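*Asks:* After the sequence you'll find the predicted model.
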Amino acid sequence: MEKQHILTREFAENKVRDEYSNVAWFYNFWSWLTESKSAKKVLELAQIQSGERILEVAVGTGVMFAEIVRRNENGVTEGIDVSPSMMAKADERMKKFPKGRYRLQIGSAYKLPFDSNTFDLLVNNFMIDLLPEKDFPLILSEFNRVLKPSGRIVISTMSFGKRWYHKMWFWISKHFPKLMTGCRPISIKNYLTQAKFDSVESIFISQNTFPSEVLRAKKH
Ligand SMILES: C[S@@+](CC[C@H](N)C(=O)[O-])C[C@H]1O[C@@H](n2cnc3c(N)ncnc32)[C@H](O)[C@@H]1O
């Protein structure tokens with residue numbers, strides 16, 4: 001099979017903060033247009049059972065976070081994001097939920113502010129595709145660390161695709177990275193296996209030409 005080329009990216013926390021403070025105001029419209037189908041699949045694969053300890057890394061404006069909290073009525077749901085602008089939107093959205101059921105905080109996927117073996121489920125949407133490929137093992141080992149044994153992970157990312165319009169998104173990511181806030185097609189299935197996850201499943205999703213992949217796996 002042809003090796004898919006993952007475009008180079010750098011990670012600078014302050015740059016991510018700046019970029020997302022520029023896009024926070026229209027982000028919901030963009031993600032509804034291109035990523036809502038994947039979000040639906042993420043929720044389906046997550047199989048949330050009320051009463052769990054759940055972490056969402058990179059909550060963004062909190063659309064999925066609110067849905068997780070709603071489904072996890074008897075549990076505790078934690079969320080982090082590096083961007084204060086995105087987090088402000090999530091905070092606003094969560095006002096209608098009782099405080100004891102969730103906690104939102106600024107934090108980075110590079111060093112999750114949680115003890116090891118804490119969560120039953122970790123969800124992460126459209127974040128890893130912004131980060132340098134060399135950091136994928138570190139991020140996934142952090143995800144693995146905070147999950148309980150047999151804990152589940154569900155991740156969505158921008159992906160490759162076979163059709164010309166999928167390839168067009170690769171081209172846009174390559175030539176206009178700023179337009180995509182650095183997001184580009186990636187493939188993390190092998191990285192999940194290397195990071196001690198098993199039962200890895202992946203589903204390709206195309207929405208309004210935009211290619212995504214939703215992956216589910218279990219900690220060893
Ligand atoms: C494309 S948005 C996705 C937001 C949300 N997950 C969604 O699907 O709508 C990427 C999010 O990842 C956050 N982010 C980027 N790098 C991060 C990191 N290292 N740790 C935590 N959040 C990060 C950004 O601030 C932004 O909110």
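*Replies:* Structure's in. What do you need?
*Asks:* Now do stretch 83-100: everything it contacts.
*Replies:* Stretch 83-100 has contacts (Cβ atoms under 8 Å, 6 or more residues apart in numbering) with 16-17, 20-21, 24, 27-28, 59-63, 65-66, 69-70, 76, 79, 81, 102, 104, 106. In this view, the C-beta of every residue, glycine as well, is placed from N, C-alpha and C.
*Asks:* Phi and psi next, for the residue in the chain that the ligand sits nearest to.
*Replies:* Here the chain gets closest to the ligand at one residue, residue 60, 2.5 Å apart by Cβ to the nearest ligand atom. Dihedral pair for residue 60: phi 60, psi -130, per degrees, to the nearest 10.
*Asks:* I'd like to know how many residues surround the closest residue to it other than its chain neighbours.
*Replies:* Take residue 60 and drop its neighbours on the chain: the residue closest to it by Cβ to Cβ, 6 or more residues apart in numbering is residue 86, 4.9 Å away. Using other Cβ atoms under 10 Å, residue 86 has 23 neighbouring residues.
*Asks:* try residue 190
*Replies:* Residue 190 has 10 nearby residues by other Cβ under 10 Å.
*Asks:* Residue 217 is in contact with residue 192, correct?
*Replies:* Yes - judged on Cβ atoms under 8 Å, residue 192 makes contact with residue 217 at a distance of 5.1 Å.
*Asks:* any common contacting residues for these two?
*Replies:* The contact sets of residue 192 and residue 217 overlap at 153, 200 (Cβ under 8 Å, 6+ apart).
*Asks:* These two: which has the busier surroundings?
*Replies:* residue 217 (26 against 23).
*Asks:* That one sits in which helix or strand?
*Replies:* In this assignment (DSSP states H and E), residue 217 forms part of strand 210-219.
*Asks:* Please state the offset of stretch 78-86 from the chain centre?
*Replies:* Relative to the chain's own centre, stretch 78-86 is displaced by 12 Å; criterion: Cα atoms, centre = their mean, to the nearest Å.
*Asks:* related to what we said a few turns ago, and the strand holding residue 217, which strands flank it?
*Replies:* strand 147-158 (antiparallel), strand 197-207 (antiparallel) (DSSP bridges).
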